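Undergrad: give me a model of this one.
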Amino acid sequence: MERVILPMKVHAVKLDYRRRLLETMVHGYFGVRKGYAVVIITHDPDNEKYTLKNSRYYRISSKRGKAYAEAVNKYLAIKNEYDVLLTDWNTLYRIAPPKVNFPIKQFYDPHGMNHDYFNKQADNLGKYKSDNPTVSEFGEFKSKNELMAANSLKRLGIPFKYETELYIPETEETINPDLLLDFYEIDRCSYLEVMGMNDKFSYAVSTSTKINSYSKGRYRPCREVIYVLLYDKSNFDEAYFISQVFSAFDNMIPDNAIEWGSDAVLGIQSLQNNTVATESA
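TA: Numbers count the residues shown, from 1 in each chain. Here you go, the predicted structure:
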């Protein structure tokens, strides 16, 4: 099992995003009181009476207990993500995590590709249907490479949609990008094209044509669109795929969005700042 080492800016954003989110959530844990399963509330943003010293518990079977149990489950999931990110940060770096200036603004955004844009797009709109589709938990894909890309995105916790619809006025054509990724922490999304079988001349020409269409439509590589170029349909390299995805994520985080403390010696970290790698856990 391999773990992913995030680029430094991406790591900082993911960490501070969850820190801020936790501040807005109900805090608590689960236990047993008098033989009943209960949820113990230690913090509620809407009720200042709940504290660590003045916690309250509710039977999970009760109406209020069910509502609190759902909230605490969400809190524990985010807290686990935060704890893992913080542990990895402390392992990699000798400086405190920076604060991030949310919301993160882009200097140039020709298509308004933010989180709302992602939510508004319908998926599975591709007109071409494979005679031998790859069936998965996500639905049907046209290739195994697309499925492997989807599996990698699920592992990375990056939401995606398959074959949305995009009209490019500059070329007067409508295409169905392979995937649309949601980088919700920074309020951005990007198209992703898994371009395999480039060992075949006809497919390589098709790939070049599609890249040209994106370019004419002002969809910039490693920002509005991510290209993962593969030599053949059996050559999916997950480490390379992850590096392409996180390189785009990193590029969409302006340096001025990160507020480093006075103890941050950036020169020492410069090499790590743009590194995406995997290593054995």
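
Undergrad: off-centre distance for stretch 82-93?
TA: Stretch 82-93 sits 18 Å away from the centroid of its parent chain (C-alpha atoms, centre = their mean, to the nearest Å).

Undergrad: okay, now the domains of the protein?
TA: 2-103, 115-252 (automatic domain parsing).

Undergrad: reformat those domains as CSV; add distance to residue 259 and mean neighbour count.
TA: All C-beta spots, glycine's among them, are computed from the backbone N, C-alpha and C. Listed next are the domains of the chain as CSV, based on distance: least, C-beta to C-beta, whole Å; neighbours: other C-beta atoms under 10 Å:
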stretch, distance to residue 259, mean neighbour count
domain 2-103, 4, 16
domain 115-252, 15, 17
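
Undergrad: want to throw those domains into TSV with mean pLDDT?
TA: Shown next, in TSV, are the domains of the chain (pLDDT from 0 to 100):
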stretch	mean pLDDT
domain 2-103	96
domain 115-252	88
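
Undergrad: of the ones you listed, which is nearest residue 109?
TA: Of all the domains of the chain, domain 115-252 sits nearest to residue 109, with 8.6 Å by C-beta to C-beta.

Undergrad: endpoints of that closest one, how far apart?
TA: End-to-end distance of domain 115-252 (C-alpha to C-alpha, to the nearest Å): 14 Å.

Undergrad: in this structure, which spans are helices?
TA: 8-23, 63-92, 115-120, 144-156, 201-216, 238-251, 266-273 (DSSP state H).

Undergrad: nearest to residue 32, out of the ones you listed?
TA: Across the helices of the chain, closest to residue 32 is helix 63-92 (C-beta to C-beta), at 12.9 Å.

Undergrad: so how far is that closest one off the chain centroid?
TA: Using C-alpha atoms, centre = their mean, the offset of helix 63-92 from its chain centre is 17 Å.

Undergrad: just want the angle from that helix to helix 8-23.
TA: 150 degrees (axes from the mean of the first three to the mean of the last three C-alpha atoms, to 10 degrees).

Undergrad: okay, the helices of the chain in a markdown table with distance to residue 31 next?
TA: Formatted as a markdown table, the helices of the chain follow (distance: least, C-beta to C-beta, whole Å):
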| stretch | distance to residue 31 |
| --- | --- |
| helix 8-23 | 20 |
| helix 63-92 | 11 |
| helix 115-120 | 36 |
| helix 144-156 | 32 |
| helix 201-216 | 54 |
| helix 238-251 | 38 |
| helix 266-273 | 41 |
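
Undergrad: dump the residue contacts of residue 58.
TA: 38, 39, 41, 64, 65, 68 (C-beta atoms under 8 Å, 6 or more residues apart in numbering).

Undergrad: farthest-apart pair in those, please.
TA: Across these, the longest distance by C-beta to C-beta is 11.3 Å; it joins 38 and 64.
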